[in-house]
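>>> Below is the sequence, then the predicted model.
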Amino acid sequence: MQLSLPIQLQNNDTLANFYGDNNLLLLNSLRQNARQLKQPFFYIWGVQGCGKSHLLRALANQYFVENRTALYVPLDKSAYFSPAVLDNLEHNELVCLDDIHSVIGRQDWELALFDLFNRVKEQGSCLLVLSSNQSPSALNVKLPDLSTRLHWGEIYQLYGLDEQQKIVALQKKARERGIELPDETANFLLKRLDRDMHTLFEALERLDKASLQAQRKLTIPFVKEILAL
């Protein structure tokens, strides 16, 4: 069964709560092109958990808040839809294609991506932002012309956060939820969980719900109990 085009706008992912200190050149260029489009192609790559999906959803949310047309397409879910979802996307002001490595090597998807690049260039009014876990040179692209197009625009490696930055990001996210995450509890989470931000934010969400239900603070004993650590 084919599902409709996945438009995933999540209000909790914003540019304001994206910790971007390690990627200021990328963020500045994205903001400039969002205001006045000069470079229509961005390729962003980095390891899992470094914030690629957050950034792409945040961009889409920003356009949505400004009543501009934007789409976010998670290509890691491509089993649920066909390459036809890329048809006519060039008529939007922003298109974010997340995890394009998920469809690389599949002829139908590579052709659809190739065609989308060409239409975006011809249209001249769409910002196309792609993310991957590898640089464009490292991708095993079968279609040479697509490989060329992946190098057309600005290419950035997205750098993750160091340990102290992760603590700051966790505490900021906790405050947005109306809870306090003490330093010792945040340090405990980093020592006992996988350190990618997706895992840490998921754990914080579980703790938030449990804390609200139990009317408990986020102490280390409470965290151990809820997360079975």
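Yes, it's here. Numbering: from 1, shown residues only.

>>> ok, and the closest non-adjacent residue to the residue nearest the centre of the chain?
For the chain, residue 53 is the residue whose C-alpha lies nearest the centre (CA atoms, centre = their mean; 1.2 Å). Nearest residue to residue 53, sequence neighbours excluded (CB to CB, 6 or more residues apart in numbering): residue 98, at 5.4 Å. Bear in mind the C-beta positions are built from the backbone N, C-alpha and C, glycine included.

>>> Show the pLDDT at that neighbour.
Per-residue confidence at residue 98 stands at 97 (pLDDT).

>>> What residues of the helix or strand residue 206 falls within count as buried?
Element membership for residue 206, per DSSP states H and E: helix 197-214. Using 16 or more other CB atoms under 10 Å as the test for burial, helix 197-214 gives 197, 200-201, 203-204, 207-208, 210-211.

>>> Show me what it is in contact with.
48-51, 53-54, 160-161, 166, 169-170, 173-174, 177, 179, 181, 189-190, 193-194, 216-218, 222-223, 226-227 (CB atoms under 8 Å, 6 or more residues apart in numbering).

>>> what is the rounded mean pLDDT of that helix?
Rounded mean pLDDT across helix 197-214 is 90.

>>> swap in stretch 50-63?
Stretch 50-63 shows an average pLDDT of 92 in the prediction.

>>> So which residues of this protein form strands?
41-45, 70-74, 94-98, 127-132, 154-157 (DSSP state E).

>>> want to throw these into CSV with distance to residue 111 and mean neighbour count?
As requested, those are exported to CSV (distance: least, CB to CB, whole Å; neighbours: other CB atoms under 10 Å):
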stretch, distance to residue 111, mean neighbour count
strand 41-45, 18, 22
strand 70-74, 16, 22
strand 94-98, 15, 24
strand 127-132, 16, 24
strand 154-157, 22, 16
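
>>> still on that earlier bit, which one of the buried residues of helix 197-214 is nearest residue 104?
residue 197 (24.3 Å; CB to CB).

>>> what about the protein, any weak spots by pLDDT?
Applying pLDDT under 70 to the chain flags the ranges 1-11.

>>> Could you list the domains of it?
The chain breaks down into these domains under the TED database: 15-157, 163-227.

>>> Distance from the chain centre to the first one, please.
Offset of domain 15-157 from its chain centre (CA atoms, centre = their mean, to the nearest Å): 10 Å.

>>> cool, stretch 202-219 as well?
25 Å.
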